[in-house]
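Chemist: sequence and predicted structure, then a few things I'm wondering about:
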Amino acid sequence: MKNTVYKNASVVTGLSVAERGLGFLYRIVLSRLIGAEGLGLYQVALSLFSLFLTIGTGGLPITLSRMLTKSKAEHRPNDGAAATAAGFTLALLLTLPFAILLFLFGGKLGFLFSDERAFRVFRILLLGLCLSSVYAVVRGYFWGQKEFLLPSILEIAEESVMVIVGVVLLQNVSSPSSGAEKAAWAVVISYLFSFTASLVCFFVKGGKLASPKSQLKPLFNATMPITSVRASSSLVNSAVAVLLPLMLVRAGMRSGEATALFGIVSGMVLPLLFMPSTLIGSLSLVLVPELAEDYYKHNHERLIKNIERGLKFAFLVACALIPIFFALGKEIGQLAFSNETAGELLVASAVILLPMSLTMISTSMLNSMGFEKQTFLFYFLGAAALLVSVLLLPAICGIYAYVIGLGASFTVTAVCNLVFLRKCCPYFERSALRRFLPVLLSVVPLSVLGQLFSLVLDNFLGAFGAAAVTCIVLAMGILGVFVWTKQIEFRAVFSKFRHKKGQK
């Protein structure tokens, strides 16, 4: 089982990294073709669109996956077919009315946007609302069947279509608003592709549907806590997209400058900062059906081991990336986006990686065991910290108020999640923190030394050469710390390799 989990996780991770890498390159193209202001308009519209998309699909994929796993464990295949049909029904019921009403009468909602030009972008995105919601259900169906390769291929194909169409449409952009609108059309076309391709794959792979009546209410009830958390997250993001530029304007900035700053932090910095979500999300995707199966079958020993592996993985990923972001954030921002502010914000945000990574993995674990209501409450506590920071701090520290708010939000949520997880699973070893402490303590000296190393090399190798060499040195240092603290044991890996070779 352990080998299966790691194999599936590695496959999904590889494809997710490719998808995120493609998306990151596209962000670079967007920032250069439509500028920070156009990117800001696009991000403002996308944040509100994400709210309505989350309302329709937020908890459906993962909940459907869990229900299909449960139906298999209890040998009730018809329940799985009914749950899948219920998923399609709910997705359309929760998105189609919103899409029609907002498209026809959404002009009265212009006050929701800090810049009215963003509404035109939002209206274009609405065309893809139902398409993406149906695709999300198909994705959840394949997860429940423990088929992770196909949905990952569909994801990267969707991203590829968006990039290709976007690059074609964004040639000779006349203004920031025009560029943002064309970028939105690229998103809609990519949603149309994933909708069509996923339905074809569903029926070709033998997907079955049954009357949704018996599973409609259970699916809705199980979905709502997760959907509420994710919809609240989208709502908070939408609120930040409105409030942050507004508070920056009140602090003395021009409207265009405030929109551009929001575009930098949301369209340049956050995609980089959320890089660990690619790795952690892949592991969570594979672990959730396993955790759900172990939980419903009362296989506590395997359940504990998987939880420990997931937490360890998230911790190590964060500790590996913090020194790199801290030491090379400015260079990354300059080389990728030709934007000094993006680099400075990335350096300031590096420390957020640890609470963010632990929040992601622990939330998925608690949801897989049926504690959606608790994660809903913990999320709200973190969101409150973010909103308070956005409302009160821009006059003091400008755009850095968002960075401080994100750090406070993830820290509050991570602490609550881990305390509750420890309470639910008291069989965790108390020595786990002591084992991780040397790794955590090494992050600070590695970060400082990496920054000094980069400054020295910059005089001899230039920005790109210094960043490349520093990254290699930091990677070797981080790997050395992991080996020294026995987080990675090469002897065990080589022993297994020799054993398999001997069997052949």
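Modeler: That came through fine.
Chemist: what's the neighbour count on residue 459?
Modeler: 8 (other CB atoms under 10 Å). C-beta coordinates here come from the backbone N, C-alpha and C atoms, glycine included.
Chemist: distance of residue 365 from residue 141?
Modeler: 22 Å (CB to CB, to the nearest Å).
Chemist: over to residue 440?
Modeler: Distance, residue 440 to residue 141, by CB to CB: 40 Å.
Chemist: more neighbours, the two?
Modeler: residue 141 (27 against 15).
Chemist: what's the nearest residue to residue 408 if we skip its chain neighbours?
Modeler: Nearest residue to residue 408, sequence neighbours excluded (CB to CB, 6 or more residues apart in numbering): residue 385, at 3.9 Å.
Chemist: so that neighbour makes contact with residue 412?
Modeler: Yes: using CB atoms under 8 Å, residue 385 makes contact with residue 412 at a distance of 5.3 Å.
Chemist: about what we covered before: measure the residue nearest to residue 408 to residue 392 for me?
Modeler: Taken as CB to CB, the span from residue 385 to residue 392 is 11 Å.
Chemist: the more surrounded of the two?
Modeler: Ranked by neighbour count (other CB under 10 Å), residue 385 and residue 392 place residue 385 first, with 19 against 12.
Chemist: check contacts around the more buried one.
Modeler: Shown in contact with residue 385 (CB atoms under 8 Å, 6 or more residues apart in numbering): 405, 408-409, 411-412.
Chemist: so which strand or helix has it?
Modeler: Per DSSP states H and E, residue 385 falls inside helix 372-392.
Chemist: list the buried residues of that helix.
Modeler: For helix 372-392, burial by neighbour count (16 or more other CB atoms under 10 Å) applies to 372, 374-376, 378-380, 382-383, 385-386, 389-391.
Chemist: contacts for stretch 449-457, please.
Modeler: If you take CB under 8 Å, 6+ apart as the criterion, stretch 449-457 is touched by 323-324, 326-328, 331, 465-467, 469-470, 473-474, 477.
Chemist: what's the answer for stretch 133-151, then?
Modeler: So stretch 133-151 is contacted by 8, 11-12, 15, 53, 56-57, 60-69, 80, 84, 87-88, 91-92, 94-95, 154, 191, 194-195, 198-199, 201-202, 205, 207, 285-286, 288-289 (CB under 8 Å, 6+ apart).
Chemist: so how many other residues sit close to residue 53?
Modeler: 27.
Chemist: wait, it touches residue 129, no?
Modeler: Yes: counting by CB under 8 Å, residue 129 is a contact partner of residue 53 at 6.1 Å.
Chemist: so what sits against both of the two?
Modeler: In contact with both residue 53 and residue 129: residue 95, using CB under 8 Å, 6+ apart.
Chemist: send the alpha carbons of stretch 88-108 over as CSV?
Modeler: Only the C-alpha atoms of stretch 88-108 are listed here, as CSV (Å, rounded to 0.1, in the frame of the first residue of the first chain):
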residue,chain,number,x,y,z
PHE,A,88,-23.8,16.2,-11.9
THR,A,89,-27.3,17.3,-10.7
LEU,A,90,-25.9,19.4,-7.8
ALA,A,91,-23.2,21.0,-10.0
LEU,A,92,-25.8,22.2,-12.5
LEU,A,93,-28.3,23.3,-9.8
LEU,A,94,-25.7,25.3,-8.0
THR,A,95,-24.2,27.0,-11.0
LEU,A,96,-26.6,27.4,-13.9
PRO,A,97,-29.1,29.8,-12.1
PHE,A,98,-26.2,32.0,-11.0
ALA,A,99,-24.6,32.0,-14.4
ILE,A,100,-27.9,33.1,-16.1
LEU,A,101,-28.9,35.7,-13.6
LEU,A,102,-25.4,37.3,-13.3
PHE,A,103,-24.9,37.3,-17.0
LEU,A,104,-28.3,39.0,-17.7
PHE,A,105,-28.6,41.3,-14.7
GLY,A,106,-25.1,41.5,-13.3
GLY,A,107,-24.6,45.1,-14.3
LYS,A,108,-26.0,46.1,-11.0
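Chemist: now do the buried residues in that stretch.
Modeler: Quick answer for stretch 88-108 (16+ other CB under 10 Å): 88-92, 94-95, 98-99, 102, 106.
Chemist: repeat that for stretch 251-269.
Modeler: Neighbour-count burial for stretch 251-269 flags 251, 253, 257-269 (criterion: 16+ other CB under 10 Å).
Chemist: pLDDT score for residue 10?
Modeler: For residue 10, the pLDDT comes out at 66.
Chemist: then the one 5 residues further on?
Modeler: At residue 15, the model reports a pLDDT of 72.
Chemist: sorry, back to before: PyMOL command to pick out the buried ones of the contacts of stretch 133-151?
Modeler: Selecting only the buried entries of the contacts of stretch 133-151 in PyMOL, with 16+ other CB under 10 Å as the criterion:
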select buried, resi 8+12+15+53+56+57+60+61+62+63+64+65+66+67+68+69+80+84+87+88+91+92+94+95+154+191+194+195+198+199+201+202+285+286+288+289
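Chemist: can you tell me which of the contacts of stretch 133-151 are in strands?
Modeler: Judged by DSSP state E, strands contain none of these.
Chemist: give the residue spans of this protein that score low on pLDDT.
Modeler: Applying pLDDT under 70 to the chain picks out residues 1-13, 106-115, 229, 278-279, 281-298, 300, 425-434, 489-504.
Chemist: in it, which spans are strands?
Modeler: According to DSSP E, the chain contains no strands.
Chemist: can you tell me which residue is spatially central in it?
Modeler: Nearest to the geometric centre of the chain sits residue 277, at 4.8 Å (CA atoms, centre = their mean).
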